[in-house]
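1. Pasted the sequence and its predicted model underneath.
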Amino acid sequence: VAVGDAVPWQVVDHYENPRNVGSLDRKAKNVGTGLVGAPACGDVMKLQVEVDENGKIVDARFKTFGCGSAIASSSLATEWVKGKTVDEALKIKNTDIAKELCLPPVKLHCSMLAEDAIKAALADYKLKQDPKKEESEKKA
């Protein structure tokens, strides 16, 4: 965003009042952790989800090192995944995050990072649920 450009209020709100900042127990079997980064801009995003026995995401936390758009994308992503099933959360797309936050084209990578973080966290969760299946797939 160039100096003098209007910044969408949603980005400012999520940046100044981020939701769900923090960490969950990454060793817990029902917690998935995704850690992703964008080398081009230096943003790093950790997103964690806690899933109940019915496959519903009951909590989500994030820690992000990056610009306001990256922080806002992380914050919104944690809000959106809570209450969804794992399969529903996998349908969240970066374009939806970018549209909600009115991100300019130069900041679209922030929403892509958030989508990647969701997918990585859910992949980690799924691996913890059936590690033997993953091992057999690697051997095949």
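-> Cool, got the structure.
2. When you work out contacts or count neighbours from here on, use the C-alpha atoms and nothing else.
-> Fine.
3. Against which helices or strands is the top helix by length along the chain packed?
-> Ranked by residue count under DSSP state H, the longest helix found in the chain is helix 108-129. For helix 108-129, the elements it packs on are strand 31-38, strand 43-51, helix 68-81, helix 94-101, judged by 3 or more CA pairs under 8 Å, 6 or more residues apart in numbering; DSSP states H and E.
4. Please state the offset of it from the chain centre?
-> Helix 108-129 sits 6 Å away from the centroid of its parent chain (CA atoms, centre = their mean, to the nearest Å).
5. Send over that helix as CSV, restricted to the C-alpha atoms.
-> The C-alpha trace of helix 108-129 is given here as CSV (Å, rounded to 0.1, in the frame of the first residue of the first chain):
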residue,chain,number,x,y,z
LEU,A,108,-2.2,-11.2,-2.4
HIS,A,109,0.7,-13.4,-1.3
CYS,A,110,-0.4,-12.8,2.3
SER,A,111,-3.8,-14.5,1.7
MET,A,112,-2.0,-17.3,-0.2
LEU,A,113,0.2,-17.8,2.9
ALA,A,114,-2.9,-18.1,5.1
GLU,A,115,-4.4,-20.7,2.8
ASP,A,116,-1.2,-22.6,2.8
ALA,A,117,-1.0,-22.4,6.6
ILE,A,118,-4.5,-23.8,6.9
LYS,A,119,-3.7,-26.7,4.6
ALA,A,120,-0.4,-27.4,6.4
ALA,A,121,-2.0,-27.4,9.8
LEU,A,122,-4.7,-29.8,8.6
ALA,A,123,-2.2,-32.1,6.9
ASP,A,124,-0.3,-32.3,10.2
TYR,A,125,-3.5,-33.0,12.1
LYS,A,126,-4.4,-35.8,9.6
LEU,A,127,-0.9,-37.3,9.9
LYS,A,128,-1.2,-37.5,13.6
GLN,A,129,-4.5,-39.3,13.3
